[in-house]
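S.K.: pasting the structure only:
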């Protein structure tokens, strides 16, 4: 190690950084980039892989950033530095569309790709129970109406809520507030459940306050935030047969030897009932495409074509194997038409 | 140490045969001191064994979950490579061969092997025992050797992940059919294949040669290993020269004043900054301001270099400080310039310590995920990265993403990838220990 080598190494390192920075600015991209929801991630990646195997284009890069974070990146502008596709486990909001438009992203194509059911399940062998959304709300709400006023949730056991429910402690493992699954759960279970409890409307008259009361989840240990990793919740459930877990349908399907799903409002989360829209706790999944990139980034049209093809999103498609619940035929055709024509979204 | 102390106390008793050293109070105090020492040793042993037990539990659970991922079940089928399906014109043009309907050849081979299975749905279920990458296996084989077209050859195909899990005993055969991901028809077919030796478990080369995949049996860590390597090359290329230069200047040349004190405090502080902060910095500076590409090893490498820089500077300064002043004085005394003193004498003597610090810093960078989250390296990337700017991910990120996948077969692969990462870390730390032992000098 002498002076010259050291100086040389330092210069080389600096030159490398400079060179890379320089080329990166000028570089255009030959690979599709997708960002967004962790719920849609397993499906978009499966399509990306099949698309890449076709051999015509490079395999798209898919990042799991969460729906909100993904749309923020997506809406940041037009050009190779910005992603082409955003995955979302909810519909894009008006504010996000405005944000997009402000940054020059005016033409967005919306594709509904399928449904996701959110299941409430316990370990196989545990005493089976079925719930109504009203019961679930009473079990998990932070405050419930008792004798004309809101009090901190007094229910310790399921049987305190309804004698027909099992006589065991309320313990529900679910996702943390940062998760899209939690948002969907609040919207699809907590809110409707709350509206069915008549006393709430009588006690909390202010609409805004009521919305807050409905969505608040108790923090006294009955609801356990088990992290974003659904596999972990599955493991914890098999270790603790008294607990219930909240997670996506694909985990039920992969672990049907270990878990039993509870019926919600009398409907079980089976493929058929979610697909037909009978199971109440299900949501649509979306993919958004930046039209301005079609033509500049190679393969976008072909990629959405693959995504909406029958062999991907059809009833027997490979996305169904990954746990996506297929749309009814008419909606699939609509999605395909939207993908073909790249119909811009208008809210 | 303690032997000496005991020896000493015994000598003293000998020297003062009838003194206060034999009084009852003395004996009581002595016993109490011995007892205290015994207790302290017991605490120490308890602490060490607790740590060892924890380590054994951790490693045990990883190894017991993951060792099965190192082999993969394969199924042998006799495939007729029908020229009508692959190359009707007989040109053997690679473009034509690539377009062949390999899936149909496999379906035909299955139908020939199991003529008793009829009906569209049953046939489809039967085909599900093979990985859906099977047509690509066949395609690769034919492309590599076009003379195979027209022949009937036995081919080993990967079994699907569910079949693999069944064979490894992770799926209970005695469960009712609806609760199993492998149905009775498929189990019967598998049993028949096993009887004539057409089902075996071989070493899982895919795990070490493939990029990521959503199909567990086709997923591998090679892409992540290459990504980690590219990232670490950038990290090392930046942090080692800059870190050593900074340390040498600070230690050997810089005047001791308020400015250098301030810099020193800052460097020590930076070493303790949570790594996610460096990721945010990378996002703001390298991606948004310099417009560097997302998910690229070069950005990851720069971010990790910033993270390891303080570690290297501190280690290098400690190593330089440990070189005795007499070396410097001797060099200066025979007329060497300060630069010659440092380059010819001090730095070479400090090198083992610097290397150890560097390797430990690199090992930390290898295991880091948080700063990479912000710069888009937590992504699904199938293609093996081939340059510093192509999209890549790294080994710990691959582990994180597999652990979150719903497919059950990813559980064992997650543990297997952890074992590989631990292997790399052990090698790096072992190298650090070896270099220290080999080159270290004591004065």
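M.R.: In hand now; what should we look at? For clarity, every value in this text was computed on a predicted model and none was experimentally measured. Residues are numbered from 1 along each chain as shown, chains lettered A, B, ... in the order given.

S.K.: residues from the stretch 1-150 of chain B in reach of chain A?
M.R.: B:98, B:124, B:132, B:136 (CB under 8 Å from any CB of the partner chain). The C-beta positions use only the backbone N, C-alpha and C, and glycine is treated the same way.

S.K.: Now rank those residues by neighbours and give me the top one.
M.R.: residue B:132 (19 neighbours; other CB atoms under 10 Å in any protein chain shown).

S.K.: need the contact list for the nearest residue to that residue once chain neighbours are set aside.
M.R.: Distances taken as CB to CB, 6 or more residues apart in numbering or on different chains place residue B:215 nearest to residue B:132, at 6.3 Å, with adjacent residues excluded. Contacts here follow CB atoms under 8 Å, 6 or more residues apart in numbering or on different chains; on that basis residue B:215 touches A:49, B:131, B:132, B:133, B:161, B:407.

S.K.: would you turn these into TSV with secondary structure?
M.R.: Formatted as TSV, those follow (DSSP: H, G, I helix; E, B strand; the rest coil):
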residue	secondary structure
A:49	helix
B:131	coil
B:132	coil
B:133	coil
B:161	helix
B:407	coil
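
S.K.: And the buried ones among those residues, selectable in PyMOL?
M.R.: Selection of the buried residues among those in PyMOL, burial being defined by 16 or more other CB atoms under 10 Å in any protein chain shown:
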select buried, (chain A and resi 49) or (chain B and resi 131+132+133+161+407)
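
S.K.: State the distance from the closest residue to residue B:440 other than its chain neighbours to chain A.
M.R.: Sequence neighbours aside, residue B:352 is the residue nearest to residue B:440 in space, at 5.1 Å (criterion: CB to CB, 6+ apart). Residue B:352 sits 12 Å away from chain A, going by CB to the nearest CB, to the nearest Å.

S.K.: got the buried residues for stretch B:305-318?
M.R.: Buried-residue list, stretch B:305-318, by 16+ other CB under 10 Å: B:305-317.

S.K.: Next: stretch A:250-267.
M.R.: Neighbour-count burial for stretch A:250-267 flags A:250-265, A:267 (criterion: 16+ other CB under 10 Å).

S.K.: Among the residues you listed, which ones are in helices?
M.R.: Judged by DSSP state H, the buried residues of stretch A:250-267 include A:250, A:251, A:252, A:253, A:254 as members of helices.

S.K.: ok, the second one - contacts?
M.R.: Put plainly, it is residue A:251. By CB under 8 Å, 6+ apart, the neighbours of residue A:251 are A:119, A:230, A:231, A:233, A:234, A:259, A:323, B:406.

S.K.: of the buried residues of stretch B:305-318, closest to chain A?
M.R.: residue B:305 (8.8 Å; CB to the nearest CB).

S.K.: The closest one in helix, strand or coil?
M.R.: helix.

S.K.: Distance from the helix or strand that contains residue B:40 to the middle of the chain?
M.R.: Using DSSP states H and E, residue B:40 sits within helix B:24-66. Between the centre of helix B:24-66 and the centre of its chain there are 32 Å (CA atoms, centre = their mean, to the nearest Å).

S.K.: Likewise for stretch B:139-154?
M.R.: The chain centre lies 37 Å from the centre of stretch B:139-154; the measure is CA atoms, centre = their mean.

S.K.: What's the first helix or strand after the helix holding residue B:40?
M.R.: For helix B:24-66, the following helix or strand on the C-terminal side (DSSP H and E) is strand B:71-80.

S.K.: which helices and strands does that following strand pack with?
M.R.: helix B:102-113, strand B:152-158, helix B:161-167, strand B:199-203 (3 or more CB pairs under 8 Å, 6 or more residues apart in numbering or on different chains; DSSP states H and E).

S.K.: Mean pLDDT for those - can I get that in TSV?
M.R.: Putting the helices and strands packed on strand B:71-80 into TSV (pLDDT from 0 to 100) gives the following:
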stretch	mean pLDDT
helix B:102-113	90
strand B:152-158	92
helix B:161-167	91
strand B:199-203	91
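
S.K.: Among the ones you listed, show me which one is buried the most.
M.R.: Mean neighbour count (mean count of other CB atoms under 10 Å in any protein chain shown) peaks for helix B:161-167 among those, with a mean of 24.

S.K.: Which neighbouring elements make contact with that helix?
M.R.: Using 3+ CB pairs under 8 Å, 6+ apart: helix B:161-167 touches strand B:71-80, helix B:184-195, helix B:409-439.

S.K.: quick one on the thing from earlier: for the residue nearest to residue B:440, which three-state class applies?
M.R.: helix.

S.K.: correct me, but it touches residue B:442?
M.R.: No. Contact criterion CB atoms under 8 Å: residue B:352 and residue B:442 do not qualify, at 11.3 Å.

S.K.: The two: which is more packed in?
M.R.: It is residue B:352, of residue B:352 and residue B:442, that has more neighbours when counted by other CB under 10 Å, with 19 against 4.

S.K.: picking up where we left off before, what helices or strands is the helix holding residue B:40 leaning on?
M.R.: So helix B:24-66, by 3+ CB pairs under 8 Å, 6+ apart, packs with helix B:409-439.

S.K.: and the helix it packs on, how far from the chain's centre?
M.R.: Counting by CA atoms, centre = their mean, helix B:409-439 comes out at 7 Å from the chain centroid.

S.K.: what about that helix, average pLDDT?
M.R.: Averaging pLDDT along helix B:409-439 yields 92.

S.K.: and residue A:70, which of the three is it?
M.R.: helix.

S.K.: So what's the residue count around the residue lying closest to it once chain neighbours are set aside?
M.R.: Counting by CB to CB, 6+ apart, residue A:36 is the residue found nearest to residue A:70 once chain neighbours are left out, at 2.8 Å. By other CB under 10 Å, the residues close to residue A:36 number 31.

S.K.: helix or strand for the closest residue to residue B:417 other than its chain neighbours, which one?
M.R.: By the measure of CB to CB, 6+ apart, the closest residue to residue B:417 outside its immediate chain neighbours is residue B:399, 4.8 Å from it. Secondary structure assignment for residue B:399, by DSSP H and E: helix B:395-403.

S.K.: Can you point out the buried residues in that helix?
M.R.: B:395, B:396, B:397, B:398, B:399, B:400, B:401, B:402, B:403.

S.K.: Closest one to residue B:262 out of these, please.
M.R.: Ranked by distance to residue B:262 (CB to CB), these are led by residue B:396 at 34.4 Å.

S.K.: anything in stretch B:420-436 near chain A?
M.R.: No. Judged by CB under 8 Å from any CB, stretch B:420-436 stays clear of chain A, getting no closer than 14.4 Å.

S.K.: in that stretch, what's buried?
M.R.: Applying 16+ other CB under 10 Å to stretch B:420-436 flags B:420, B:421, B:424, B:425, B:428, B:432, B:435 as buried.

S.K.: Tell me the one of the residues you listed nearest chain A?
M.R.: residue B:435 (14.4 Å).

S.K.: My read is that that closest one contacts residue B:359, right?
M.R.: Yes. Assessed by CB under 8 Å, residue B:435 is found in contact with residue B:359 at 7.5 Å.

S.K.: about what we covered before: check the buried residues of stretch B:305-318 one by one and keep those near chain A.
M.R.: Of the buried residues of stretch B:305-318, not one also sits near chain A (CB under 8 Å from any CB).

S.K.: Let me have those in a markdown table, extended by distance to residue A:85, pLDDT and secondary structure.
M.R.: As requested, those are exported to a markdown table (distance: CB to CB, whole Å; pLDDT from 0 to 100; DSSP: H, G, I helix; E, B strand; the rest coil):
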| residue | distance to residue A:85 | pLDDT | secondary structure |
| --- | --- | --- | --- |
| B:305 | 31 | 95 | helix |
| B:306 | 31 | 93 | helix |
| B:307 | 31 | 93 | helix |
| B:308 | 34 | 94 | helix |
| B:309 | 36 | 94 | helix |
| B:310 | 39 | 94 | helix |
| B:311 | 39 | 93 | helix |
| B:312 | 40 | 94 | helix |
| B:313 | 42 | 95 | helix |
| B:314 | 44 | 94 | helix |
| B:315 | 44 | 94 | helix |
| B:316 | 46 | 95 | helix |
| B:317 | 48 | 95 | helix |
